[in-house]
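[1] Predicted model, plus sequence, below.
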Amino acid sequence: QVELVESGGGSVQPGGSLSLSCAASGTIFSINTMGWYRQAPGKQRELVASVRSGEIPNYAGSVKGRFTIFRDNAKNTVRLQMNALKPEDTAVYFCYVEGMTGSALGATGFASWGQGTQVTISS
């Protein structure tokens, strides 16, 4: 079992910055994808940013140029730096990690979600 623990978030004024962090723990053999999704009230969960192992990050068009995703493979952590925040960025943000759990003797796939953290942009 792989557990994700999120931190960060909160409330800021438009134009402000916030940082979200997520740490994965458990019997992790390898991690393929780490990313962040968000869900605003009354809307579907949407991808914000993700990064696959060995590839460049992928961003939603609405956050490109404002958000940056950082992945630390040694620590199994992923961070989302959010700048120039807008009211429409208000949502619950979820960390997502997908990979293999176990060991070289036997590994199975996993996909885990964080508990979600509220981000509110309001003047």
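    That came through, no problem. Numbers count the residues shown, from 1 in each chain.
[2] how close does the residue lying farthest from the centre of the chain get to residue 27?
    Here the chain reaches farthest from its C-alpha mean at residue 105, the gap being 29.4 Å by C-alpha atoms, centre = their mean. Residue 105 sits 12 Å away from residue 27, going by C-beta to C-beta, to the nearest Å. Glycine gets a C-beta too; all of them are placed from N, C-alpha and C.
[3] Same question for residue 56.
    From residue 56 to residue 27 the distance is 28 Å (C-beta to C-beta).
[4] Residue 52 now?
    Noted for residue 52: a distance of 21 Å to residue 27, by C-beta to C-beta.
[5] Which one of those two is surrounded by more residues?
    Neighbours were counted for residue 52 and for residue 27 using other C-beta atoms under 10 Å; residue 52 has more, 15 against 12.
[6] Where does residue 88 sit: helix, strand or coil?
    Three-state call for residue 88 (DSSP: H, G, I helix; E, B strand; the rest coil): helix.
[7] ok, it touching residue 62?
    Yes. Counting by C-beta atoms under 8 Å, residue 88 touches residue 62, with 7.5 Å between them.
[8] hey, what's in contact with both of those two?
    Between them, residue 88 and residue 62 share no contacting residue under C-beta atoms under 8 Å, 6 or more residues apart in numbering.
[9] Spit out the contact partners of the most centrally placed residue in the chain.
    By C-alpha atoms, centre = their mean, the chain has its centre lying nearest to residue 36, at 2.6 Å. Residues near residue 36 by C-beta under 8 Å, 6+ apart: 20, 22, 47-50, 69, 78, 80, 93-96.
[10] What is the nearest of these to residue 114?
    residue 95 (3.5 Å; C-beta to C-beta).
[11] May I have the beta-bridge partners of that closest one?
    residue 36 (DSSP bridges).
[12] Thanks a lot, see you next time.
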